[in-house]
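Chemist: For reference, the sequence and a predicted model appear below.
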Amino acid sequence: MTSMIRDQAVVILLTATLFWAGAITAVDKPYPLITLKCDAEADVLTITNALLKDEKGVMSNEIDADHSYSPWDMVDVARRTDSTRIIKSTKASTSCRLSSGEYTIIVEPQIFSKDLDHRCGEIISGAVTIMHDGIEILERTAFEEYCHGNVPVITRITVFGKTGEHKIKRIPKSRFY
């Protein structure tokens, strides 16, 4: 009886893995969007990581041009006959004033492979650093640490102005894509 349960568990695990892999390949290239919302009235800073669905990385109803960043817009790509590579990346910085002081948020791309033609090259994510009055309270943290596997993905970081504490929400990658 235990071997039958083990066999059923293996079948369920394989099915879930195939479903997850199919979901990833159904979208040619994921377009993450990092959005910052500084709500001084509520005394909260919220940083969200979401996916855009179209190939240009634009969905007008989700974008606040001043506080939304697509990691794909933060890289320069060189296309050659033998490869396509990321040759340069940039960072964006913005600030938010809450009751406990000034917060500086630095957003940058999380590049898994500079060669876009190799494994994981078609995927980039975002990373964020948060400073409070010039002191780093959240060191560079990638929203996705690895380009494969079902490792957790950060979907939201919340900073509470009253306490200065931050909270990170993670979900399995299979639920994100």
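Modeler: Sure, I can see it.
Chemist: going forward, measure contacts between C-alpha atoms and count neighbours the same way
Modeler: Will do.
Chemist: Endpoint to endpoint, stretch 155-167 covers what distance?
Modeler: This stretch, stretch 155-167, spans 11 Å end to end (CA to CA, to the nearest Å).
Chemist: quick one: contacts for E136?
Modeler: Contact analysis of E136 by CA atoms under 8 Å, 6 or more residues apart in numbering lists T129, I130.
Chemist: cool, the one 10 residues further on as well?
Modeler: Taking CA under 8 Å, 6+ apart as the contact definition, Y146 lies against F112.
Chemist: Also I86?
Modeler: Contact analysis of I86 by CA under 8 Å, 6+ apart lists V75, D76, V77, A78, K114, D115, L116.
Chemist: so what pLDDT did the residue nearest to the first one when sequence neighbours are not counted get?
Modeler: Going back to what we said before, that points to V75. Distances taken as CA to CA, 6 or more residues apart in numbering put S89 closest to V75, at 4.3 Å, once the chain neighbours are dropped. pLDDT, S89: 93.
Chemist: number of nearby residues for S89?
Modeler: S89 has 16 neighbours, counted by other CA atoms under 10 Å.
Chemist: right, and it touches W72 too?
Modeler: No. The pair S89 / W72 is not scored as a contact, 9.2 Å apart, by CA atoms under 8 Å.
Chemist: Overlap in contacts, those two.
Modeler: Joint contacts of S89 and W72 (CA under 8 Å, 6+ apart) are P109.
Chemist: Relative to I106, how far out is the residue nearest to V75?
Modeler: From S89 to I106 the distance is 13 Å (CA to CA).
Chemist: And for the spatially most central residue of the chain, nearest residue in space, chain neighbours not counted?
Modeler: For the chain, the residue nearest the mean C-alpha position is F143 (3.8 Å; CA atoms, centre = their mean). Closest residue in space to F143, ignoring its immediate chain neighbours: I154 at 4.7 Å, by CA to CA, 6+ apart.
Chemist: C-terminal to the one helix or strand that neighbour maps to, what's the next element?
Modeler: Following DSSP states H and E, one finds I154 within strand 152-160. Sequence-wise, the next helix or strand downstream of strand 152-160 (DSSP H and E) is strand 166-172.
Chemist: and that following strand, what does it pack onto?
Modeler: strand 152-160 (3 or more CA pairs under 8 Å, 6 or more residues apart in numbering; DSSP states H and E).
Chemist: for the strand it packs on, packing partners?
Modeler: strand 44-52, strand 166-172, helix 173-176.
Chemist: try 6 Å this time
Modeler: The contact analysis (3 or more CA pairs under 6 Å, 6 or more residues apart in numbering; DSSP states H and E) places strand 152-160 against strand 44-52, strand 166-172.
Chemist: Many thanks, have a good one.
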